Structures are given as structure tokens and as C-alpha cells.
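Novice: Mind folding the following:
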Amino acid sequence: MVPEWTEAYVDYNGLKSILEEMLEYKLSKQQETPLRSFQKKLSVHRAISGIYRHPSNRVNKKDVENQRTDFNRLQKDDSGKFYKTKSLEQSGEIEVEFARKLDDELNKVNTFYKEKVEAMVDEANDLNKQMETLIALRIKVQNSGENGASLADHPSANISIRRPSSEITQRMGLMDTISEVEMSCRSPLKESCNSYSGSENMDVIMKMVGQDEESNTVPESNRVENVQQSNGCKEVGSSSGNQQDTLEILDGVKIHNTLESPLSTIKGVLMDSKHEELSFSKDELKKVEERLRQVFIEFYQKLRLLKHYSFTNLSTLSKIIKTYEKITTRRAARSYMKILDNSYIGSCDELNNLLERVEATFIKHFSNSNIRKGMKSLRPKHKKEKHSVTFFSGFFSGFSIALLVAVVLIILTRNITVQEGSSYMVNIFPLYSVFAYFMLHMLTYAADIYFWRCYRINYPFIFGLKQGTELGYREVFLLSTGLAVITLACFLGNLHLDLGSKTQSYTKLTEIFPLGLVAIVLVILFCPFDIIYRSSRFYFIRSLFHCLCAPFYKITLQDFFLADHLTSQVRAIRSLGLYICYYGLGEFSRRQNRCQGHVVYNVLYYTVAVIPFWLRFLQCLRRLFEEKDAIHGYNGLKYFLTIVAVIIRTASELKKGIIAWKVLALVSSAVATIMNTYWDIVVDWGLLRRHSKNKYLRDKLLVPHKSIYFAAMALNIVLRIIWMQLVLEFNLHALQKVTITTVISCLEIIRRGIWSFFRLENEHLNNVGKYRAFKSVPLPFHYDDEDSNKVD
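Specialist: Here you go, the predicted model:
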């Protein structure tokens, strides 16, 4: 089931509840006895589960034949086919209600399916035009030879364009106007749509691809202009007519600038037009092919989801009507199944035709006629759960707990907190706390994934993750526990070598431990080999790079979602600044005490805290420029106020004892906290709607318990206020400042994890409300006639 189309599916639970009432009403007419009461409950369960069967001796066979329910199809205006059930006069109110509900559900799925199919056909026509332009561009690039390189080795270099007559063009669908797919005007794929199914369709595709490969071996001199009068097709070879037709196709065609890279963004801002002229270069051709390849893959996924939608609803309606027949002893299934078969959702073959044509086109033009490679790209395998992930997660969890216990024991036995606490904890702990923050963040993300799956929130689609490569909560938990083992092992070794009486000679070695830990994490993160979830690592690196280069990259949800999470890791990012001071400036003995005296460290202390909020501010400006929506301007103002508060608070922290700075820090932090809290609850979560069905929440809720939403709002407010503890600096003798800072930073990470769940829930519900279940991929070519049509 497509999560974003939940409301468009048949309401199986609603129909089933009516059938349960119908069965209970029927059984209630019988005299109640203890044995019959038990049989009544058992009958309800069996009927709904599909194993209920009436005894044959209770109803005469002739009477059963006469007890039927007619299903008549009524035409209503020109808007489509609507169905209405004409029940028997003896039917009760429950059966009438069931028939009305059944009609509404069938009409709903028919209407939705027809709208989607028509949209797919329109999109197929656009793809047809794009493919025709791509073929013409390939010919132009091959013949021009601007770069002194030939495209003869390209799988689609030797091609011929066939132009069907206008009558045939109107009759044939996707890719029928492209001769690369077919060697005659009668497409083998069109024949397969009518004569083949299942594995036979693959045989047809293989035969067609083989014919195309044979045609490509024909000498260039033999591929001349030839008009086939028998089928009304014109074959254009490599003659001058081919070049003339190619120029006509490319006339008025430009490259669509999607503004997805820094260079394209700068060009889009400086140039009047957002579209680039064709340069007919080999690099341009490769970029166009790659983009169109992604368009075809996404289009194919749309077709598959829509086909699955049709199958699911037909199966649901069939099961419901069979259950109704068993309960009422009416022969309704056969007549209703005829209606389903004749309905639009049951009789339309447009999707099968489009699926077969897309498969053939993709295999031929984007997979070098390699069927296995092409189908692997179109139908990626679902990720399989591995038992080894669960095993190593448990192993690393137990190992990390044992290491944590060892660290606590060595601190207590050697009285570090009493004797050397103020120096050792301030010097050593910040170096390892950064990894503790990352580990906690990964644990909260694993918890979010677990609850997103529990409540059917389609997070892979929202984040734009490739099917089969998304990480589940087990994999994320495995990574977090693995990081915990490495960090605790290094920290324990550092403690032992620093504080052991027999290991004083290894003092210099201990200085390398934190730096070595950073090196290990960076090597794993940037490892180019296909190990340790390479696709997910590169996905994270790409999103992080887009955040750092804001606003030059097009802003997507995963980019600003990651930027929001970076704002909760300010303390971790500042700890990374200590590494620059320790190892870059050579401060090894009195680390933080000496670092605070360096101008470089103070500059980093200011800028590093502002960078995450500044990046988020630039992202809001980019979205405001593109979407022209004022809400992004208000969001940018929120981050600007936060930047001001962070700068003033940092100045107050470095210039201790000045009351004016502390007052300014308190006021600015209070304003930023109030605005951020309001934005979290009202805008990001979509809650506090006064006129919603669920008072002070929103109309649709995925979590069944409303108290959870109120608890989340209260907890978010409390954790936001605790953030101001860093400004107030209360005198808490039991805890040192570094411990207080660590605890508050951990609470902020937990708050961000809670925010993430409800933020994606709200985004998912917005997608459901708009039936948005597909990723939008821009087409590579732009046509001048599209602009003229818009003006008209």
C-alpha cells in the first residue's frame, strides 16, 4: 500500500464493520443459549476471516438461486461511470447501508485511478517528445564531431528515425514515434501488449532488442531514405534528409537549468533566461542522458505503484463481496465480479502498455540492450534484513556497557573527580564528548526510524532515499553502538596511560588517542569501498556538502532537515574547535586554559557556534527567492534572531563579570527561545489548531493517544527553557560547568529527536493530503513553444 494514498484505497475496515453488524443482527434473531452464544462469537470471527460457511440444509438450493443482488451500472453526465447497487425489497437497513458504502468505495477508486492514469498518459507524451529530442541530439553530436571524438561506440550512435504518419501517430502510444525502439511502424511492444503477458513479454523485448542490434550493423551507405508505402512509414537514414529533420527537431530546444548546482544557480541569477542554449558537446549529451534516465526510472516506479494500487483494491472488493455472499446467502459475487471486470480500474490496459514500452525503451537506450542491467535499474530489490546486524548490535551494546562500567570504576577508584577533576575533566573530556554527542544523536535517529515505521510514515520517500539502500533502525543502532565501543575503548586507554604509575612514559602517546579516534571516524566516513553502508555515507556527505554550500544548491527537505540537526550540535562543533587549538597550535599541557588566551581559538569559538544557524538562514533565503513564499522569510528571521542571541551569549561567556552583556544575552535568548518554540509547535508540527477536529492539535493524527502530543509540546517548551541555563549560569556546587554543559547539550539532542518525529509526521500528512507519492524529476529539455503556450 502506498502510504500517501491511504485515503484513496477501499475502506476495508468500514465495510468489514458493516458486515459484522449484519452477521450479529442475523444471529441475534436466534434463541440465545450458552452454546449458541459461543457459536455466535465463533461465527462472527469465521465469517470475517473467510472460513464461515452456512449449513447447506438450512436453505433450499432453489431459494438460494432466487436470492440475488443486482448491480447496475449508471451513467452520470459525462464525468464517468458510477455504480449503484439495486438491492432486493426484503433487504434490511444494514444491507442497504452496505450497498451504499460499497458503491461509494468503488466510485472513489475508479475516479482516483482514472485521474492518475490520465496523468501518466500525459507524462508519457512529454517523455515521448523528450526522447525524440534526445535521439536528434545524439545524431547532431555524432555528425558534428566538435571535440574530435566519435560517438560510434555509444549504444545508440547508429540509429534511424522513423516518422509514422499522423494517423498512426495518434493511434500509437509511448515511444511509437521513435525508431530506435522499433524497426517498423507496428511496434513489437504494441503486439506484446495484446498477445503476451508475464515472461512472454520479456521474450518479446529480447526479440525486439536483437532486431535493433542487427539493424545497427547495416552499413552506413545502405541506410538511405526509404519510403515504405505498405505501412505508411518513412525511414530516414544518414542522408541529407536525416540532418534536415534533426535540425528541425532541435529548433527551439534548450537545456532546462534546474539551478541544482552552484554554477547553474549563478547563471540563473545573472542571466535573463533560466534555460541554456544547446552546445552539442559530448559532456552535455551525457548529462542529458543521465537526467532523462532518472526521469524514466521515476516514471516506471509511478506506473508500478499505480498498478499495485489497482490490484490491491480489486482484491479487497472481491474479498468483501465474497464475505457478504457467505453471510447473507445471496448469489452476489458473480454479478459483482463482472461489474469489477468491466469497470475502468478492472478493464483499463493503459498501465500494462506503458510499463512494457518503458521497459523496452529503457533497456535499449539506457542499458546498452542489457536486459538484466536495465531491469535491475528499473526494479531495485528490496533490502533484506540480516541476522548479523542484530547479532553485532547486541554484541557491541554489551561491549560498550562493559567499557562504560570500566571507565566509571577507574574514575572512582583513582579519585579523579576529587584530586584532578577540575583540570583533567576540563582538558580531556571535551575531546571525547563530541563522539558521545554524535552517538546519542544516532540513537535518537534510530528511535525515530522505529516509530516512523510503526506509524507508517514514509521516511525513505520524504528523504529521497534510493529504494533498497535506506538504513533501518537496526543498522543505525549498530553504527551508534560501534562508535560507542571505539570511543569508550580510546577513553579507557587514555585514562589508564595518563593515571597509571607505571605508564608515565607513555604520556605523549596519550595525546594521539583523541586525534587517532577522529582519523578512524573520518576514514570510515570517506571510505570509497562498498563497505559499511557506502550509499548512506555518501548520501550524508552530499547533504552535508549542500548545507555548507548554501544557498548555491537547490534546497531539499533532507538538506534543511540536516541543517536543523546541526543547530543542535553546537557544543559538539565547538569541541571540534578544541582539536584545532590542541594539535594545530601545539597546546598539549594546559589545553583549554591556554586555548582561551589564543585569538584564533576565540574567533573559532564565536564563528563555529554561528555557522549552523547561518547556513539555515541562507537556506531560507534561497527558498524565499525560489518559491516567493513569505513563510520562508519569517523562518529566516527566526534564525537571524537566534544568530544574534548566540553571538551575544558567547560574548557574555567570554567577558565574565560584565552585567550589561549578561542582560543582553538573557533578553536575546528569551526572544529567540519564544519564537523557536512557537515555530516548532505551530509550523513544524502543525499543532495548536483551534478549529481542528482534535482540539488544540490538528485534524489528522497518526499517534492514537492525544496525550502524547500534549506531552511532547510541554517537553519541548521545558527543554527550550533549559537551554537558557547556559546564559544564567546558576551556582550548582555538585556539578562542574563542563558536566552541566554536557547534560544540557544531551537534552537538546533528545529534544531534536522528538522534534524530528513530529516534523516528519506533519510532512507525511501533507503528502497524504495532496496524494504526493512520487519524486519530481525535472525534464532535461525545454521547448520555446511551451513558453508561447503559457503566454496564450
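
Novice: from here on, contacts and neighbour counts on C-alpha atoms
Specialist: Will do.

Novice: how about the strands in the protein?
Specialist: 70-75, 81-86, 161-164, 226-228, 233-236, 253-256, 275-277, 781-783 (DSSP state E).

Novice: Against which helices or strands is the last one packed?
Specialist: With contacts defined as 3 or more C-alpha pairs under 8 Å, 6 or more residues apart in numbering; DSSP states H and E, the packing partners of strand 781-783 are strand 253-256.

Novice: pLDDT (mean, whole number) over the strand it packs on?
Specialist: Mean per-residue pLDDT for strand 253-256: 80.

Novice: ditto for stretch 633-644
Specialist: Stretch 633-644 comes out at a mean pLDDT of 93.

Novice: What of stretch 293-311?
Specialist: For stretch 293-311, the per-residue pLDDT averages 91.

Novice: cool, stretch 140-148 as well?
Specialist: For stretch 140-148, the mean per-residue pLDDT is 66.

Novice: just stretch 583-590 next, same as before
Specialist: On average, stretch 583-590 scores 60.

Novice: Stretch 705-723 too?
Specialist: On average, stretch 705-723 scores 92.

Novice: How about stretch 774-782?
Specialist: 81.

Novice: Between the two ends of it, what distance do you get?
Specialist: One end of stretch 774-782 to the other measures 22 Å (C-alpha to C-alpha, to the nearest Å).

Novice: got the contact list for it?
Specialist: 130, 133, 253-258, 275, 288, 291-292, 294-295, 298, 302, 461, 464 (C-alpha atoms under 8 Å, 6 or more residues apart in numbering).

Novice: residues of that stretch that come out buried?
Specialist: 774, 779-782 (16 or more other C-alpha atoms under 10 Å).

Novice: wait, which of the residues you listed is closest to residue 118?
Specialist: residue 774 (15.7 Å; C-alpha to C-alpha).

Novice: Can you list the low-confidence ranges for the stretch 101-250 of the chain?
Specialist: 145-247 (pLDDT under 70).

Novice: from the buried residues of stretch 774-782, which is closest to residue 744?
Specialist: For the buried residues of stretch 774-782, the nearest to residue 744 is residue 774 (39.6 Å; C-alpha to C-alpha).

Novice: For that closest one, grab phi and psi.
Specialist: phi -130, psi 150 (degrees, to the nearest 10).

Novice: Please apply the same query to the one 5 residues further on.
Specialist: As for residue 779, its main-chain torsions (degrees, to the nearest 10) stand at phi -80, psi 150.

Novice: Let me see the contact set for the residue positioned nearest the centre of the chain.
Specialist: In the chain, the C-alpha nearest the mean C-alpha coordinate belongs to residue 461, at 2.0 Å (C-alpha atoms, centre = their mean). Contacts for residue 461 were tallied using C-alpha under 8 Å, 6+ apart; they are 773-775.

Novice: Which parts of stretch 97-112 count as buried, going by neighbours?
Specialist: 98-111.

Novice: Between all of the residues you listed, which two are separated the most?
Specialist: 98 and 111 (19.9 Å).

Novice: where does the stretch 451-600 of the chain have low pLDDT?
Specialist: Judged by pLDDT under 70, the stretches of the stretch 451-600 of the chain that qualify are 499-508, 585-597.

Novice: Would you map the helices across it?
Specialist: Taking DSSP state H, counting those that start in this stretch as the test, the helices found in the stretch 451-600 of the chain are 459-463, 473-499, 507-525, 534-548, 557-566, 570-579, 591-595, 599-627.

Novice: Packing partners of the second one?
Specialist: What it means is helix 473-499. Checked by 3+ C-alpha pairs under 8 Å, 6+ apart, helix 473-499 has helix 387-413, helix 426-454, helix 507-525 packed alongside it.

Novice: Equivalent analysis for the last one, please.
Specialist: Here helix 599-627 touches helix 534-548, helix 557-566, helix 570-579, helix 630-654, going by 3+ C-alpha pairs under 8 Å, 6+ apart.

Novice: So for it, what gets flagged as buried?
Specialist: Buried-residue list, helix 599-627, by 16+ other C-alpha under 10 Å: 601-602, 604-624.

Novice: Also the first one?
Specialist: Within helix 459-463, the residues that count as buried by 16+ other C-alpha under 10 Å are 459-462.

Novice: ok, those residues vs residue 312, which is closest?
Specialist: residue 461 (20.6 Å).

Novice: Residue 289 versus the closest one, what's the distance?
Specialist: Distance from residue 461 to residue 289, by C-alpha to C-alpha: 24 Å.

Novice: Same check on residue 724?
Specialist: 53 Å.

Novice: Same question for residue 525.
Specialist: 30 Å.

Novice: Extract the C-alpha set from stretch 332-342 and format it as CSV.
Specialist: Extracted in CSV, the C-alpha atoms of stretch 332-342 (Å, rounded to 0.1, in the frame of the first residue of the first chain):
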residue,chain,number,x,y,z
ALA,A,332,-23.9,-11.6,-5.5
ALA,A,333,-20.3,-12.4,-6.1
ARG,A,334,-20.5,-13.5,-9.7
SER,A,335,-22.5,-10.5,-10.9
TYR,A,336,-20.4,-8.1,-8.9
MET,A,337,-17.2,-9.5,-10.3
LYS,A,338,-18.5,-8.9,-13.8
ILE,A,339,-19.0,-5.2,-12.8
LEU,A,340,-15.5,-5.1,-11.5
ASP,A,341,-14.1,-6.6,-14.6
ASN,A,342,-15.9,-4.1,-16.8
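
Novice: Now it: average pLDDT?
Specialist: Here the average pLDDT along stretch 332-342 is 83.

Novice: Identify, by residue count, the longest helix of this structure.
Specialist: If you go by DSSP state H, the chain has its longest helix at helix 93-144.
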